[in-house]
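Undergrad: pasting the structure only:
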């Protein structure tokens, strides 16, 4: 039995849900409302002490970190294969998985938070105290607001990211090879939010997003993936 704790509108949650759909797997969902900071509630922190979303439960395991969840699902349920058909494709899958988590997602979180005027009230701030130190420091910094210089740095980083995507897509319709892989699944839900934040997509990247959007697995989440997520860095953060 697969149980997924997820948040609608979260790109990381979307990538896991899309992978489950691509593989035709049945699962039970427990949605979280990030606008109410439910990921910091005591009952959820019993499941995920770091407050990360999503978390997948399977075969007695509790898994966090979205890209690693995708890799796990692809190994446990190999049909259809999404991890790449040869060492070169698998290299590109892992390359993009790392780049999304260490580059695109954190910078997207900062730009989105600033654009939406993110804020946390006293009740939410109390929830920060239940988090591990590193996570608490992230949220306290976000609650204080990012300065204009930091937002500008993140915008430039995202502009560089879409150029990097365009360079890889110049070689084919998908990021890692001739067919859809986890590279596309992990990246596209984040990238599709960029135009709404004033970051234009090169034509090759827009065409790639359109191809991705036409898949049944993505259509099921269309409204959620296209809309800007709720306030806060959590949806665009590692995991």
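TA: Cool, the structure landed. In this text the structure is predicted, and so the values were computed from the model without any measurement.
Undergrad: Return the list of helices and strands in contact with the lengthiest helix in the chain.
TA: Assignment by DSSP state H gives helix 148-169 as the longest helix of the chain. Helix 148-169 sits against helix 87-99, helix 105-115, helix 182-191, helix 203-213, with contacts defined as 3 or more CB pairs under 8 Å, 6 or more residues apart in numbering; DSSP states H and E. (C-beta placed from N, C-alpha, C; glycine too.)
Undergrad: Relative to residue 35, which of those is closest?
TA: Between residue 35 and the helices and strands packed on helix 148-169, the shortest gap by CB to CB is with helix 105-115, which sits at 12.9 Å.
Undergrad: Mind listing what's buried along that closest one?
TA: Across helix 105-115, burial judged by 16 or more other CB atoms under 10 Å covers 105-114.
Undergrad: That helix packs against which elements?
TA: helix 11-22, helix 148-169.
Undergrad: Of all the ones you listed, which one comes closest to residue 101?
TA: Residue 101 lies closest, by CB to CB, to one member of those: helix 11-22, at 8.8 Å.
Undergrad: packing partners for that closest one?
TA: For helix 11-22, the elements it packs on are strand 2-6, helix 66-76, helix 105-115, helix 182-191, helix 216-219, helix 222-226, judged by 3+ CB pairs under 8 Å, 6+ apart.
Undergrad: one step back: can you tell me which of the helices and strands packed on helix 148-169 is most buried?
TA: Most buried of the helices and strands packed on helix 148-169 by mean neighbour count (mean count of other CB atoms under 10 Å) is helix 182-191; its value is a mean of 27.
Undergrad: Just the mean pLDDT for that helix, thanks.
TA: Across helix 182-191, pLDDT averages out at 97.
Undergrad: Identify all contacting residues around that helix.
TA: Residues outside helix 182-191 that contact it (CB atoms under 8 Å, 6 or more residues apart in numbering) are 11-12, 14-15, 18-19, 22, 66-67, 70-71, 74, 82-84, 92-93, 95-97, 99-101, 104-105, 108, 161-162, 165, 174-176, 201, 205, 208-209, 212, 218, 225, 236.
Undergrad: how far out from the middle of the chain is that helix?
TA: Relative to the mean C-alpha coordinate of its chain, helix 182-191 is positioned 8 Å out (CA atoms, centre = their mean, to the nearest Å).
Undergrad: repeat for stretch 10-26
TA: Taking mean C-alpha positions (CA atoms, centre = their mean), stretch 10-26 and its chain are 11 Å apart.
Undergrad: Low-confidence regions, this protein specifically.
TA: 117-144, 223-239 (pLDDT under 70).
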